[in-house]
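Visitor: Quick one, what's the 3D model for this:
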Amino acid sequence: MSQITLYFARASRSFTPRWLLEELGVPYAIQNIDLHKRAQKSAAYLQINPMGKVPALKDGDAVVTESPAICIYLADRYSYGELAPRIDDSTRGAYLRWMVFSTAVFEPAVYLAEPADPVAASGRGWGDRETVLGVLEQNLVTNSYLLGERFSAADVMLGSLLSIALFNGRIPDPSRALVEYDKRLACRPAYKRAAEATWGTGV
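Guide: Now for the predicted structure:
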């Protein structure tokens, strides 16, 4: 019996760790959290994640919340040196950068309205949307994946958020680089399995 349990909800960002678990090929159990019944706010679930949000992961006695932390944890533990570059690998820094970039930079830049006041805009730690997308696009113009030609767990983390944003129309007129990157990711069998489980018909 698997010691990994993913606290999962359909049509949610639970897609991200489910995709990674499928890429890893490790056995895991699913604990479905019904968001419509507000099960994420139940006393029992708040013991797992006090934020009352999904996803969350339990691996033996370890409990991990926040998608980038879950991805870093899983990749380091179950695919160290493969989906997670080793600590002495020259790409480890870029790998961690893109992991953090996904929710600390990309997601707020895409989902939050740009303030008209330039002073207010300058106070945002993630920068402006145009710059954020430009940095990501520039990297993908010449690379198949975030680390060049090597697929990693960072592609799962950031790629899943990009896929959701594109599906929801959060990036008007996306560049060819972003669209092609998303298509490459969506062709992966593990992506397809996780998408079917999360969205029913994929993202």
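
Visitor: residue nearest the centroid of the protein?
Guide: With distances taken as C-alpha atoms, centre = their mean, the residue of the chain nearest its centroid is Met157 (2.7 Å).

Visitor: Secondary structure element holding that residue?
Guide: Per DSSP states H and E: Met157 is located in helix 153-167.

Visitor: Tell me the helix or strand right after that helix.
Guide: helix 176-186.

Visitor: And that following helix, how far out from the chain middle?
Guide: 15 Å (C-alpha atoms, centre = their mean, to the nearest Å).

Visitor: Could you figure out how far it is turned away from helix 153-167?
Guide: 110 degrees (axes from the mean of the first three to the mean of the last three C-alpha atoms, to 10 degrees).

Visitor: Return helix 176-186 as CSV; C-alpha atoms alone will do.
Guide: This file holds the C-alpha atoms of helix 176-186, laid out as CSV (Å, rounded to 0.1, in the frame of the first residue of the first chain):
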residue,chain,number,x,y,z
ARG,A,176,4.2,31.0,-30.5
ALA,A,177,6.9,30.0,-28.0
LEU,A,178,4.4,29.6,-25.2
VAL,A,179,1.8,27.8,-27.3
GLU,A,180,4.3,25.4,-28.7
TYR,A,181,5.8,24.7,-25.2
ASP,A,182,2.3,24.0,-23.9
LYS,A,183,1.6,21.6,-26.8
ARG,A,184,4.9,19.7,-26.1
LEU,A,185,3.9,19.3,-22.5
ALA,A,186,0.3,18.2,-23.3
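
Visitor: those helices in this protein, which residues are they?
Guide: For the chain, helices defined by DSSP state H occupy the ranges 15-24, 43-48, 67-78, 92-101, 107-111, 118-122, 129-142, 153-167, 176-186, 189-199.

Visitor: so which of those helices comes closest to Gln31?
Guide: The closest of the helices of the chain to Gln31 is helix 43-48. By C-beta to C-beta, the value is 8.8 Å. (Each C-beta comes from the backbone N, C-alpha and C, glycine too.)

Visitor: That closest one: which residues count as buried?
Guide: Going by neighbour count (16 or more other C-beta atoms under 10 Å), the buried part of helix 43-48 is 45, 48.

Visitor: Which elements pack onto that helix?
Guide: Using 3 or more C-beta pairs under 8 Å, 6 or more residues apart in numbering; DSSP states H and E, no helix or strand is in contact with helix 43-48.

Visitor: so how far is that helix off the chain centroid?
Guide: In terms of C-alpha atoms, centre = their mean, the centre of helix 43-48 is set 23 Å apart from its chain centre.

Visitor: now the end-to-end length of stretch 87-95.
Guide: Across stretch 87-95, the terminal residues are separated by 10 Å (C-alpha to C-alpha, to the nearest Å).

Visitor: Quick one: mean pLDDT over that stretch.
Guide: Averaged across stretch 87-95, the pLDDT comes to 98.

Visitor: Please identify the buried residues of it?
Guide: For stretch 87-95, by 16+ other C-beta under 10 Å, it's 94-95.

Visitor: can you give me how far that stretch is from the chain middle?
Guide: Here stretch 87-95 is found 19 Å from its chain centre; the criterion is C-alpha atoms, centre = their mean.
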